[in-house]
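Peer 1: Please find the sequence and the predicted model below.
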Amino acid sequence: MQELFLIGLLLAIAWYWWDSMYTNELVMQTCQRLCQNADLQLLDNTVVRHRLWLGRSPEGHVQLCRIYSFDYSDDNESRRQGYIVTLGRRVAEASLDPRHVNEVN
């Protein structure tokens, strides 16, 4: 019985790692696209995950939710912060500083 528990635990850890890598890549691509569309510079080419929780999809399924932040600049001097929220394997929300929201949409 312990062997089955350990195998299940290892599979869960492997799935979480794989899912996190996929989501990080999705968020990074979204950040790059947001900044490119708004003529902004993505700083450091990195995203930072701040929070992880369980949430429900519109269909009612329980999924992992993550919130990421990223830094960008509009004038090569200032540093602004945007964020992206994922629900499962899709971007649920993305936001830039309010000054740039109209430029992105």
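Peer 2: The structure has been received and is ready for your questions. Because the structure is a prediction, the values reported are computed rather than measured. Residues are numbered from 1 along each chain as shown.
Peer 1: quick one: pLDDT of residue 64?
Peer 2: Residue-level confidence at residue 64 comes out at 94, pLDDT.
Peer 1: That one contacts residue 54, doesn't it?
Peer 2: Yes. Counting by C-beta atoms under 8 Å, residue 64 touches residue 54, with 6.6 Å between them. Using the backbone N, CA and C atoms, a C-beta is placed for each residue, glycine as well.
Peer 1: Quick one: list the elements packing against the longest helix seen in the chain.
Peer 2: Longest among the helix segments of the chain by residue count, using DSSP state H, is helix 2-37. Helices and strands touching helix 2-37, by 3 or more C-beta pairs under 8 Å, 6 or more residues apart in numbering; DSSP states H and E, are strand 41-42, strand 62-73, strand 80-87, strand 90-95, helix 98-104.
Peer 1: For that helix, what does the pLDDT average out to?
Peer 2: 94.
Peer 1: quick one, it and strand 80-87 angle?
Peer 2: Compare the direction of helix 2-37 with that of strand 80-87 by axes from the mean of the first three to the mean of the last three C-alpha atoms, to 10 degrees and you get 140 degrees.
Peer 1: hmm, back to that, higher neighbour count, residue 64 and residue 54?
Peer 2: A direct count of neighbours by other C-beta atoms under 10 Å for residue 64 and residue 54 places residue 64 higher, at 16 against 8.
Peer 1: Quickly note the distance from the more buried one to residue 44.
Peer 2: 25 Å (C-beta to C-beta, to the nearest Å).
Peer 1: returning to what we had before: what comes up buried for the longest helix of the chain?
Peer 2: 23, 24, 26, 27, 28, 30, 31, 34, 35 (16 or more other C-beta atoms under 10 Å).
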